[in-house]
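**Q** Could you look at this predicted model? Sequence included:
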Amino acid sequence: MTPVPVGMPKFATTARTALADPRLRRDLRTVNGSRRERSAQAVASTPDWEELREAGRAIRDRTLLGLDTYLQELERAVTEAGGTVHWAGNAAKAGRIVTGLIDRDAEVIISASTVTREIGLAGALSEAGIRATETDLAELIGGFRESHPDAASIRELFQHEIPAATAELSEDPAELAEVARTHLRDRFLSADVAVCGADFAVADTGTLVLLEGEGDGRMCLTLPRTLIAVAGLDAVVPSWADMEVFLQLLPRASSGDPMSPAVSTWTGLAPGDGPAEFHLVLVDNGRTKALADEVGRQSLRCIRCTACSAVCPVYERTGAGPYGPVLPGPIGAVLTPQLRGVERAFEASLPYASTLCGACADVCPVKIDIPELLVHMRGQVIESRRRRPVPTPEMMLMRTVAWTMGDRRRYETAMQRTTRGARLLARGGRIKRLPGLLGKWTEARDLPAPPRESFRAWWRTRDGR
């Protein structure tokens, strides 16, 4: 997945395709319903769940407040264990660092992660002339990370992308899985370089931790000669004692499992065991800017469990695509504009992709108050628009409304004229379409026609007043 283009339209526009796809919505409803049920059962069977959540929140806050110290400790531990640490201020720098570590004729495999998608690493490798094979099965079958394509679609894709997939390949799931397994096994065995993410980085030992469901990341860690791990600055955890909390929180919140199916840990280099060369690329890409925001920094607590997506009514209807490559769901609607700014239409629209129902805050395993952050980011969007030399039509409209409502006579005159006009637009007591910018409101709802007599007019005539 490549970075969001500069001209990407607003969330409401990008979501239209998903909203018009009944099959996608059905799949999302099924998958999210199952996730909610499994997570609820896992939480109910964990007596100290609330204590774990509070411990996770406290650890993440303590880490963020001392982030500079822990990052220096992590660099020292990784270096002492034989690894090399690289620092990337933005996505472009991260891409240059990774591509600079790889020979152009090398066989490369990449286990996609939230950070590699965020920085568009697959696109950077391609632009540098480096052919990399995605090892994640969802990426292999076309990036269906949130919905499930049917067997016929997968068969057709495999016949186009995988040389061993012959015309005789059937739609049997077991046969399709075997073709994918054989294809990926060959790539693992022949790879010279592996690129992967890291969910956590333990500062005191320099250990990186990867939690996954398929095990492709573990293959990346063990077979190729060179291993390049890419992680955000916020992945750091002070100690293994702290890691114990997240190893319990993340799988329960994410999938309802007591532990992740595959938990891989590695510390630097070990002669004769695993890669002979290890690089850790630590990516900022807007994280220090988010850290400086006293209200917004709590978004950096996120441990990428996506529990908030499973309960979000907006996400359940749109899926991951309209949120861009950083993160989907409610936390993505906050974190993407924090990391990328709110000056462009796409990022500015994301904080409004929410009903503010609060379900996301209830399930967050590290107690991020996402509704508070959404409102906070909406305020930043408004402030950024006020700084523009030419105000937006919406801003001009709101300033006109503020001026009108600032004086009683102006307000009453405007209400009388607006009421007359609105009644002309009404049909059967409802207004189904308003003109101009006001039409955004009636795209999704009807308005009741205003009464012939306003409350103020009625109040003046009450008891002869």
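**A** In hand now; what should we look at? None of these values were measured; they are calculated from a predicted model.
**Q** give me the low-pLDDT residue ranges for this structure?
**A** Across the chain, the stretches falling below the confidence threshold (pLDDT under 70) are 1-7, 138-150, 463-465.
**Q** what about the strands in it?
**A** Secondary structure of the chain by DSSP state E: the strands cover 84-88, 108-110, 132-134, 193-197, 200-202, 207-212, 226-232, 236-237, 262-267, 277-283, 430-431, 447-448.
**Q** What is the third one packed up against?
**A** In this structure, strand 132-134 packs against strand 108-110, helix 121-127, with contacts taken as 3 or more Cβ pairs under 8 Å, 6 or more residues apart in numbering; DSSP states H and E. Placement of C-beta: from N, CA and C, glycine included.
**Q** which one of those lies closest to residue 277?
**A** Among the helices and strands packed on strand 132-134, strand 108-110 comes nearest to residue 277, with 13.6 Å by Cβ to Cβ.
**Q** for this protein, what's the longest helix?
**A** Looking across the chain with DSSP state H, the single longest helix is helix 22-44.
**Q** how about that helix: buried residues?
**A** Residues of helix 22-44 classed as buried: 24, 25, 27, 28, 31, 32, 35, 36, 38, 39, 42, 43 (neighbour count, 16 or more other Cβ atoms under 10 Å).
**Q** domain assignment for this protein?
**A** Domain ranges of the chain: 1-43+303-387, 46-285, 397-464, per automatic domain parsing.
**Q** can you tell me how far residue 335 sits from residue 76?
**A** 28 Å (Cβ to Cβ, to the nearest Å).
**Q** Those two: which is more packed in?
**A** A direct count of neighbours by other Cβ atoms under 10 Å for residue 335 and residue 76 places residue 335 higher, at 28 against 14.
**Q** thought the more buried one was touching residue 327?
**A** Yes: the pair residue 335 and residue 327 passes the contact test of Cβ atoms under 8 Å, sitting 5.4 Å apart.
**Q** Identify the contacts common to those two.
**A** residue 302 (Cβ atoms under 8 Å, 6 or more residues apart in numbering).
**Q** tell me the centre residue of this structure?
**A** residue 327 (1.0 Å; Cα atoms, centre = their mean).
**Q** rewinding a little: check what contacts the longest helix of the chain and list those residues.
**A** 18-19, 49, 146-148, 251-258, 307, 309-311, 315-317, 319, 363.
**Q** If we use 7 Å, what do you get?
**A** 18, 49, 146-148, 252-253, 255-258, 307, 310-311, 316-317, 319 (Cβ atoms under 7 Å, 6 or more residues apart in numbering).
**Q** can you put the domains of the chain in JSON lines and add distance to residue 291?
**A** Formatted as JSON lines, the domains of the chain follow (distance: least, Cβ to Cβ, whole Å):
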{"stretch": "domain 1-43+303-387", "distance to residue 291": "10"}
{"stretch": "domain 46-285", "distance to residue 291": "6"}
{"stretch": "domain 397-464", "distance to residue 291": "31"}
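**Q** Quick one: closest of those domains to residue 297.
**A** Of all those, domain 46-285 comes closest under Cβ to Cβ, at 6.0 Å.
**Q** Just the terminal-to-terminal distance for that closest one.
**A** 36 Å (Cα to Cα, to the nearest Å).
**Q** for that domain, the distance to its chain's centre please.
**A** 16 Å (Cα atoms, centre = their mean, to the nearest Å).
**Q** For the remainder of this discussion, apply numbering that starts at 370.
**A** OK, 370 is where the count begins now, so the last one is domain 415-654.
**Q** contacting residues around residue 635?
**A** Residue 635 neighbours (Cβ under 7 Å, 6+ apart): 576, 577, 590, 643.
**Q** What segments of the stretch 520-669 of the chain are helices?
**A** 520-530, 542-559, 585-591, 609-623, 656-660 (DSSP state H, counting those that start in this stretch).
**Q** what about the ones you listed, which gets the closest to residue 760?
**A** Evaluated with Cβ to Cβ, those place helix 656-660 nearest to residue 760, the distance being 25.3 Å.
**Q** Which residues in that closest one does the neighbour count mark as buried?
**A** Residues of helix 656-660 classed as buried: 656, 659, 660 (neighbour count, 16+ other Cβ under 10 Å).
**Q** and for it, what are the contacting residues?
**A** 433, 436, 601, 602, 603, 665, 666, 668, 669, 707, 708.
**Q** The fourth one and residue 647: what is the separation?
**A** Translated: residue 602. With Cβ to Cβ as the criterion, residue 602 and residue 647 are 19 Å apart.
**Q** Count residues in the vicinity of residue 683, would you?
**A** 19.
**Q** Please name the residues that touch it.
**A** Residue 683 sits in contact with 722, 723, 724, where contact means Cβ under 7 Å, 6+ apart.
**Q** so what's the second one closest to, chain neighbours aside?
**A** Yep, that's residue 723 we're talking about. residue 743 (5.2 Å; Cβ to Cβ, 6 or more residues apart in numbering).
**Q** Go through the helices of the stretch 520-669 of the chain and name the closest to residue 476.
**A** helix 542-559 (5.1 Å).
**Q** Please state the offset of the longest helix of the chain from the chain centre?
**A** 18 Å.
**Q** ok and that helix relative to helix 609-623, angle-wise?
**A** If you take axes from the mean of the first three to the mean of the last three Cα atoms, to 10 degrees, helix 391-413 sits at 130 degrees to helix 609-623.
**Q** For the stretch 720-834 of the chain, just list every one of the helices.
**A** Going by DSSP H, counting those that start in this stretch, the stretch 720-834 of the chain shows helices at 728-732, 739-755, 762-774, 777-794, 808-811, 824-830.
**Q** picking that back up, residues near the residue nearest to residue 723, how many?
**A** 22.
**Q** what sits against it?
**A** 702, 703, 720, 723, 725.
**Q** Could you verify my assumption that the last one touches residue 739?
**A** No: the pair formed by residue 725 and residue 739 falls short of the contact definition of Cβ atoms under 7 Å, at 9.2 Å.
**Q** Understood, closing this out.
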